[in-house]
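**Q** Need coordinates for the following:
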Amino acid sequence: MEHRITLQEIQQAEMMELMQRMHKQQQQYWAYAEQRDNALKKSLQKNFTKPVFPFPEFPEEVLEPVVSEDNASVHPEEEEEE
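**A** So this is what the prediction gives:
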């Protein structure tokens, strides 16, 4: 018997992929936030007259859109305006 993928299974797979990308971005952001907070705490523990340690560079992957541009079904209101 041949198993065919249903529309629901395809949608679930797409949703899972989207959620995995969002989870990865959230992990990257919180890792950055922890590094930033540690740098700030370390500088404030010393003395206020010393320069603040440089913050780590913000991860650019966090700023990337989670939804790809070819997936227009996510924002149907934008299609109507065009």
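
**Q** Now do the helices in this structure.
**A** Secondary structure of the chain (DSSP state H): helices located at 7-46, 76-81.

**Q** now those in CSV, with distance to E64, mean pLDDT and mean neighbour count?
**A** Where C-beta positions appear, they are placed from N, C-alpha and C, glycine not excepted. CSV is the format used below for these (distance: least, CB to CB, whole Å; pLDDT from 0 to 100; neighbours: other CB atoms under 10 Å):
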stretch, distance to E64, mean pLDDT, mean neighbour count
helix 7-46, 8, 88, 12
helix 76-81, 18, 48, 8
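
**Q** Select, out of those helices, the one closest to P56.
**A** Counting by CB to CB, P56 lies closest to helix 7-46 out of the helices of the chain; the figure is 4.3 Å.

**Q** on that earlier part again, and of the helices of the chain, who's closest to F58?
**A** Across the helices of the chain, closest to F58 is helix 7-46 (CB to CB), at 6.0 Å.
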